[in-house]
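K.L.:
structure for the following, please:
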Amino acid sequence: MSQNPPTPGHGETSQPDGQPAPPLFPSVNRQPLTRREAKAREAAAAKAAAGPDADAARSGAADPSGQQAPAPAAPATPARSIAPLDFDAVITGPIAAQRDGSIPEQAEERERETVGARRSNFISARGPAADAAQEPVTSDPFATFEELAAQHDEHAPDAQQDSPLVWRQQHYLSHTEPPKKKRSLKPLWVTLIIVPIFGGLIGGAYAVFQPQIAKLVQAITPVDNDYTGNGTGQVLFTINSGDSGSDIANNLAKKGVTKSYEAFYTLLLRQKPEPNFQPGLFKLAKQMSAQAALIALQDPASKMENTAVIPEGTAEKDILPIVAEATKLPVADLQAAAANPAQFGVPAEAKTLEGFLFPATYTFTPGITAHDAIKTMVDRSFQALDEAGVAPADRWKTVVLASIVQREAGLAPDYPKVSRVFLNRLAQGWDLQSDATVAYGTGNTHTVTTTDAERADAGNPYNTYVHPGLPVGPISNPGDLAIGAAVHPADGPWMFFVTWNLKTGETIFSTTVEEHDAAVAKWQQWMRDNPGYE
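P.N.:
Numbering: from 1, shown residues only. Next up is the predicted model:
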């Protein structure tokens, strides 16, 4: 015998295997309703379930005779009203029970009591009048699910009706993060390509138009590197024999006469023809404009008469003409007076006054004699030796060594080192091998370079490549710095030195022959790169 299939319960649908289908959940991604909106929706649902006869009954209309119309007959199958939806009750009550396939009577009764209690509370809050106008509704939560399921079924495709999982996938929010888009490197590559191109174009344009740009910048923002006016106070400024325009510009700035080297030297380059400066002592002022200083140096009235400027390291034969020009004495008179060194109190070893004509700036009184002029310079030399702590018995050797240091050393810090090299050589029994002494013996007092033949000439008494020990006499007139280096040499094991840069005076000090040969090679390369130096 065949059995009738079970009738689906509340909120259930039949499946082929006879098991109740999972309930259909309302969409959870809809906006939540307020209580007023929920009540309105419940009333509309109740009205739709009651049909048109209920509208006539609720209208309360009476017939013309004043008697109330009889109520219509109840339908054979009364419509199920939608109870207020209590989400807490739905989630914790019937749905949870329905998952197990059945609803226990106790759970159903408890849910009905809960919904009824909430309904009563709501009615009491609204008042009796509002309650009278409201149609009674059932508190069956399954009717609510059936109604929502019916509304959902009207819009859902037939192919998706049978699967609650499909409905859940469509209506539940996804927590899966969308894949992150990869950042394109194209803008970076474009930047890396365009920036160097523009940089190169700008750099090339600047290199081509740099002079014009410099002139434009100078015109817009003039450089404040010059004073104005003729200055104040007094400054004694010396132009030494052989000073170039660059030397004069540098010395003026150091003395505080001009504001900068550039102010005077730039002005000097614009002069046509070039100025011819005379050695001597000039009376200038502090903070003069470059133009005012240039005019003063060319004005004979600014030059102090009877003034002689003797630079350090100048030889005797070059000093006498300078003194003759300052004192207006004949050079021959000065040479005759210097021919008798003993009358000036120099050491007995001295055959000339070389080394004892102290380099300084002298202002001679008008009408001075040749003897007195020379004696003034010799006495100044004795004063410098005494101030350096040199005893009269040691004056000769001190002056000879100091004269070599004066000619060989370049920079001031190198003077004590050069003195130490010569003393180390004497202590080790080495020849001094000073090119400056060889050059002096040949009559060349303006350079320290020599040839192979000159260094091999034994007839030169000043040739320290051939003759051991110190030379036979001084080779220049040393100043205070060279005398101090001879008295207080530096400590060190150096045996060689080479002034490899004749422009700057930079010197390399060495202990071994190999180090010295490398330094000589560097100096020779500099000489090839800078022709004209001797």
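K.L.:
the longest helix in this structure is where?
P.N.:
Ranked by residue count under DSSP state H, the longest helix found in the chain is helix 186-220.
K.L.:
give me the buried positions along whichever helix or strand comes after that one.
P.N.:
Reading on from helix 186-220 to the C-terminus, the next helix or strand found by DSSP states H and E is strand 232-239. Going by neighbour count (16 or more other CB atoms under 10 Å), the buried part of strand 232-239 is Val235, Phe237, Thr238, Ile239. In short, each C-beta sits where N, CA and C put it, glycine included.
K.L.:
in a markdown table, list those residues along with pLDDT and distance to Thr450.
P.N.:
Formatted as a markdown table, those follow (pLDDT from 0 to 100; distance: CB to CB, whole Å):
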| residue | pLDDT | distance to Thr450 |
| --- | --- | --- |
| Val235 | 91 | 41 |
| Phe237 | 91 | 36 |
| Thr238 | 85 | 31 |
| Ile239 | 87 | 30 |
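K.L.:
any weak-confidence spans in the stretch 1-150 of the chain?
P.N.:
Of all residues in the stretch 1-150 of the chain, those with pLDDT under 70 make up the ranges 1-35, 50-150.
K.L.:
in three-state terms, label the closest residue to Gly429 other than its chain neighbours for me.
P.N.:
For Gly429, ignoring the flanking residues on the chain, the nearest one in space by CB to CB, 6 or more residues apart in numbering is Pro468 at 7.7 Å. At Pro468, secondary structure determined by DSSP: H, G, I helix; E, B strand; the rest coil is coil.
K.L.:
hang on, isn't Pro468 packed against Asp431?
P.N.:
Yes - with contacts counted by CB atoms under 8 Å, Pro468 reaches Asp431, the gap being 5.6 Å.
K.L.:
tell me which of those two has more neighbours.
P.N.:
Asp431 (14 against 11; other CB atoms under 10 Å).
K.L.:
if I pick that one, what's in contact with it?
P.N.:
Applying CB atoms under 8 Å, 6 or more residues apart in numbering to Asp431 gives the contacts Arg425, Thr464, Tyr465, Val466, His467, Pro468.
K.L.:
so which of those is the closest to Ala301?
P.N.:
Using CB to CB, Thr464 comes nearest to Ala301 of the contacts of Asp431, at 48.1 Å.
K.L.:
from Ala521, how far out is the nearest residue to Val331 once chain neighbours are set aside?
P.N.:
Taking CB to CB, 6+ apart, and ignoring the residues beside it in sequence, Val331 has Ala324 as its nearest neighbour in space, at 4.4 Å. In this view, Ala324 and Ala521 are 44 Å apart by CB to CB, to the nearest Å.
K.L.:
so for the two, which residue has more residues nearby?
P.N.:
Neighbour comparison, Ala324 and Ala521: the larger count goes to Ala324, with 19 against 12 (by other CB under 10 Å).
K.L.:
do I have it right that the more buried one meets Ala336?
P.N.:
No - using CB under 8 Å, Ala324 is not in contact with Ala336, being 12.0 Å away.
K.L.:
quick one, phi/psi of Pro311?
P.N.:
Backbone torsions of Pro311, given as degrees, to the nearest 10, read phi -70, psi 160.
K.L.:
swap that for Ala308, please
P.N.:
phi -120, psi 130.
K.L.:
ok, what's across the strand from it?
P.N.:
According to DSSP bridges, the residues that bridge with Ala308 are Tyr362.
K.L.:
could we number from 16 for the rest of this?
P.N.:
Sure, I'll start counting at 16 from here, so that last one is Ala323.
K.L.:
mind checking how far it is from Thr460?
P.N.:
Going from Ala323 to Thr460 by CB to CB gives 18 Å.
K.L.:
more neighbours, these two?
P.N.:
Legend: neighbour count by other CB under 10 Å for Ala323 and Thr460, higher for Ala323 (23 against 19).
K.L.:
residues contacting that one?
P.N.:
Applying CB under 8 Å, 6+ apart, we find Ala323 in contact with Gly295, Ile337, Val338, Glu340, Ala341, Thr342, Thr376, Tyr377, Thr378, Phe379.
K.L.:
for the first one, give me its contacts.
P.N.:
Under the criterion of CB under 8 Å, 6+ apart, the neighbours of Gly295 are Thr253, Ile254, Lys318, Met319, Thr322, Ala323, Val324, Ala341.
K.L.:
again, but for Ser275
P.N.:
With contacts defined as CB under 8 Å, 6+ apart, the neighbours of Ser275 are Asn240, Asp241, Ala268.
K.L.:
so the first one sits right up against Leu282, yeah?
P.N.:
No - taking contact to mean CB under 8 Å, the distance of 11.0 Å between Asn240 and Leu282 leaves them out of contact.
K.L.:
next, the residue nearest to Gly444: phi, psi?
P.N.:
As for Pro483, its main-chain torsions (degrees, to the nearest 10) stand at phi -80, psi 170.
K.L.:
now do it, the pLDDT please.
P.N.:
At Pro483 the predicted local confidence, pLDDT, stands at 95.
K.L.:
before we move on, what about Glu469?
P.N.:
The confidence metric pLDDT takes the value 93 at Glu469.
K.L.:
ok so, going back, just send the buried residues of strand 247-254 back as a markdown table, with distance to Ser396 too.
P.N.:
Rendered in a markdown table, the data for those read as follows (distance: CB to CB, whole Å):
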| residue | distance to Ser396 |
| --- | --- |
| Val250 | 27 |
| Phe252 | 24 |
| Thr253 | 19 |
| Ile254 | 23 |
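K.L.:
for the residues you listed, which one is nearest Glu57?
P.N.:
Of all the buried residues of strand 247-254, the one sitting nearest Glu57 is Val250; the distance, using CB to CB, is 111.4 Å.
K.L.:
return the residues in contact with the residue lying closest to that closest one once chain neighbours are set aside.
P.N.:
Using CB to CB, 6+ apart and skipping residues adjacent in sequence, the residue nearest Val250 is Leu299, 4.8 Å away. With contacts taken as CB under 8 Å, 6+ apart, Leu299 has the following neighbours: Gly246, Gln249, Val250, Leu251, Phe252, Lys270, Val272, Ala308, Ala311, Leu312, Ser317.
K.L.:
nothing else from me, thank you.
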